[in-house]
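Below: sequence and its predicted model.
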Amino acid sequence: MSKPALRTFIAYVEDLPGVLNRITSLLRRRNYNIVSLTVGRTEREGVSRMTLVVEADDDAARRIEANLYKLVNVLWVEDTTEAATVVRELALVKVRADGKVRSEVIRLCEVFRARVVDVGTEALVAEITGTADKIDGLVEVLRPFGLVEMVRTGAVAMVRSAEARTSDAPPGGDARGDGEVKAA
């Protein structure tokens, strides 16, 4: 049996009220901790894409995927943990930066390729996109200046591919096995 690790799932779901609640309730009832959850619309009308990061061993990951497929509004699920993926987060970090230290804070942001998106007399807000480690690194170097506030989006992931998908359906079709994604 493998030990629990962070597992990343991508799920295509019908863009309908209550779908997010059903998915999070399923995971809650089975006592899985959601580390990160992001949801957004896709290029297809009526379809949303969820990126879920969950602590689970191999057996639990298989059960999570199987249970997600049991939900009627779930069209397609993939555990991308072992796949070559691009994973990114977005964070906004508000840090104390009065006139005496502002230039130093801005230089540190530039090292991490973060953009300063707001400047006030006592603080500034930096926007950073990247891996969780990159964001954690920026937060740690800014911490001595005084973090005022921070928000992170959670992970979004996409499987790397040399070829673009040509089908309107996710690979392998939908959960119903007919190969078509049904929009509401």
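Cool, got the structure. Numbers count the residues shown, from 1 in each chain.

And the most centrally placed residue in the chain, its phi and psi?
Against the mean C-alpha coordinate of the chain, by C-alpha atoms, centre = their mean, the closest residue is residue 155 at 2.1 Å. Note on residue 155: backbone dihedrals following degrees, to the nearest 10 are phi -80, psi 140.

Who does the longest strand that the chain contains pair with, and is each partner parallel or antiparallel?
Determined from DSSP state E, the single longest strand within the chain is strand 85-96. Sheet pairing of strand 85-96 (DSSP bridges) gives strand 123-130 (antiparallel), strand 147-152 (antiparallel), strand 156-159 (antiparallel).

Point out where the chain drops to low pLDDT.
Low-confidence segments of the chain (pLDDT under 70): 1, 162-184.

Helices of that one, start to end?
For the chain, helices defined by DSSP state H occupy the ranges 19-29, 58-69, 102-111, 132-142.

Now tabulate those in CSV and tack on mean neighbour count.
The way it works is simple: take the backbone N, C-alpha and C, and place the C-beta from them, glycine included. Formatted as CSV, those follow (neighbours: other C-beta atoms under 10 Å):
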stretch, mean neighbour count
helix 19-29, 15
helix 58-69, 16
helix 102-111, 15
helix 132-142, 16
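
Which among the ones you listed is found nearest to residue 48?
Between residue 48 and the helices of the chain, the shortest separation by C-beta to C-beta is 7.4 Å, and it involves helix 19-29.

Residues contacting the closest one, please?
By C-beta atoms under 8 Å, 6 or more residues apart in numbering, the residues outside helix 19-29 that reach it are 11, 13, 34, 37, 39, 48, 50, 52, 54, 64, 67-68, 71, 73-74.
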